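# Quick one: sequence plus predicted model below, questions after.
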Amino acid sequence: MKVRSIWNAWMLVAALAILIPATALRAAPPPDNAEVNKLLDQAREHAMLADDDAAELESYTRSKLSWQSHALRLTTMKEHVNNLGVDVSELNRLRDQGSPLQQVAIDRINPLLREIADHLTTTIEHLNDNQGRIHMQAYRDYVKANSDLINRAHNMIADFVDYGQAKATAEAIQLHQELPSDSTGE
């Protein structure tokens, strides 16, 4: 008798799976938070500026510029990374209000930003301790690693922003398609 009731339960589940569309079983994910979107876009801008600084500094390692020029570019890069840090702090504060995708973005930015800040600090300290050795391989390696990390952060943030914008556009189109047409046939 117990086998028959298990069989009946399985048949009921199978029938429901056929009759109820999968989309009806899933709740729609919460929409993206507009304030989080704005901050992600701001973070993208600051990451882009830091990325430009890092690329410029990397070009300095192939030039005859003075250590002071390197120090000035590192200072500018540090300002942009600090601005990015402010954005990320605000994103962390709003994390629970964001959509699941926005929460993933915030969670992925945090460790990368910490790594960037640590490595940038080490590079600045190295330059301060070795001002006459800016053309040595050790300094070039620090600069290259900074450039790679910041570029990765910039690309990742830009990808999340672009995806969010594309998703919002697709949802708006879908909503427009679901609306009844007016009496003019448009």
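Received the coordinates, thanks. Residues are numbered from 1 along each chain as shown.
# Tell me which helix or strand comes right after the helix or strand of the chain with the lowest mean pLDDT.
Here the helix or strand of the chain ranked lowest by mean pLDDT, DSSP states H and E is helix 22-25, holding a mean of 49. Tracing the chain C-terminally past helix 22-25 and defining elements by DSSP states H and E, one meets helix 34-60 next.
# in that next one, what counts as buried?
36-37, 39-51, 53-54, 57-58, 60 (16 or more other CB atoms under 10 Å). Every residue, glycine included, has its C-beta placed from N, CA and C.
# Likewise for stretch 124-139?
Ile124, His126, Leu127, Ile134, Tyr139.
# Please report the distance of the second one from Ser89.
Using CB to CB, to the nearest Å, His126 is found at 27 Å from Ser89.
# And for the last one?
As judged by CB to CB, Tyr139 and Ser89 stand 30 Å apart.
# what does the first one give?
Computed with CB to CB, the distance linking Ile124 and Ser89 is 21 Å.
# Report the secondary structure element holding the spatially most central residue of the chain.
The chain has Ile157 as the residue nearest its centroid, 2.9 Å off, counting by CA atoms, centre = their mean. If you go by DSSP H and E, Ile157 is part of helix 137-178.
# can you give me the offset of that helix from its chain's centre?
When distances are taken as CA atoms, centre = their mean, to the nearest Å, helix 137-178 is centred 6 Å away from the chain's centroid.
# go on, stretch 34-46?
Centroid displacement of stretch 34-46 relative to its chain, using CA atoms, centre = their mean, is 9 Å.
# same check, this time on stretch 64-78
On CA atoms, centre = their mean, the centre of stretch 64-78 falls 27 Å from the chain's centre.
# mind listing what's buried in it?
Neighbour-count burial for stretch 64-78, with 16+ other CB under 10 Å as criterion, is recorded at Trp67, His70, Arg73, Leu74, Thr76, Met77, Lys78.
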